[in-house]
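Student: Build me a model:
(chains A and B)
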Amino acid sequence: GAVVSQHPSWVICKSGTSVKIECRSLDFQATTMFWYRQFPKQSLMLMATSNEGSKATYEQGVEKDKFLINHASLTLSTLTVTSAHPEDSSFYICSASGLGNSNQPQHFGDGTRLSIL
Amino acid sequence: QKEVEQDPGPLSVPEGAIVSLNCTYSNSAFQYFMWYRQYSRKGPELLMYTYSSGNKEDGRFTAQVDKSSKYISLFIRDSQPSDSATYLCAMSASGNNRLAFGKGNQVVVIP
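Tutor: Next comes the predicted model:
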């Protein structure tokens, strides 16, 4: 159980293109989804937290107009990197946590490798 | 001082050995403790999830939490080459799902 699917797994595109990444919880309802960025040999850096039906909360230093997050249902969140540039190239990972009275663990997708030429 | 300290130094062990990993933390509000395994170019996979102090065992994996010392451990018995990965500790406070991560430990199990 607790499967999170992330798509696409790898995308290469030209500078200036907007890229949308999907994150789906396949077998549970995710009240909260998280978006991370990971640089090589480093830990995960939280970009934003989104709750279903409400606006995402962005971490300090993350441009909300650059990284658009939508969490329209309990099973789907999307991250759109708008007008991507080479410095946006990175490994983006989503996670989801489900319903429960206590803290529920985050389950991660397999990440999206974004390369901007 | 970082919230979570995890020595990232690579760890190489022979197949069959016990792997011992640990993290220390400074925030006494942390109540939930997790260990994730991350293979190269993949997302983290939840291995162990514990609440408060104590031990939890799942197959070859044992997680220990000592809240009085703010210290958590993961032990892998009978290590296999397939255990070669990066192991991340993570923790959160009650009522707040935001995770604080360690830097991750790269483990290599040599056949």
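Student: How many residues are close by residue A:45?
Tutor: For residue A:45, the tally of surrounding residues (other Cβ atoms under 10 Å in any protein chain shown) stands at 16. Every residue, glycine included, has its C-beta placed from N, CA and C.
Student: and it, bridged to which residues?
Tutor: With beta bridges defined as DSSP bridges, residue A:45 has these partners: residue A:37.
Student: tell me the contacts of it?
Tutor: By Cβ atoms under 8 Å, 6 or more residues apart in numbering or on different chains, the contact list for residue A:45 reads A:36, A:37, A:38, A:39, A:59.
Student: go on, residue A:57?
Tutor: Contacts for residue A:57 (Cβ under 8 Å, 6+ apart) come out as A:48, A:49, A:50.
Student: Can you tell me which of those residues is closest to residue A:12?
Tutor: The shortest distance between residue A:12 and any of these, using Cβ to Cβ, involves residue A:48 and amounts to 23.8 Å.
Student: Give me the next element, helix or strand, following the helix or strand harbouring that closest one.
Tutor: Here residue A:48, judged by DSSP states H and E, is contained in strand A:44-51. For strand A:44-51, the following helix or strand on the C-terminal side (DSSP H and E) is strand A:57-58.
Student: which parts of the next helix or strand after that following strand are buried?
Tutor: Downstream of strand A:57-58, the next assigned helix or strand under DSSP H and E is strand A:67-73. Residues of strand A:67-73 classed as buried under the neighbour-count rule (16 or more other Cβ atoms under 10 Å in any protein chain shown) are A:67, A:68, A:69, A:71.
Student: residues from chain B in reach of chain A?
Tutor: For chain B, the contact set with chain A under Cβ under 8 Å from any Cβ of the partner chain comprises B:31-32, B:34, B:36, B:41-46, B:49, B:51, B:88, B:90, B:92, B:94-99, B:101-104.
Student: repeat that with 10 Å
Tutor: With Cβ under 10 Å from any Cβ of the partner chain as the criterion, chain B meets chain A at residues B:4, B:6, B:8, B:31-32, B:34, B:36, B:38-46, B:48-49, B:51, B:86, B:88-104, B:106.
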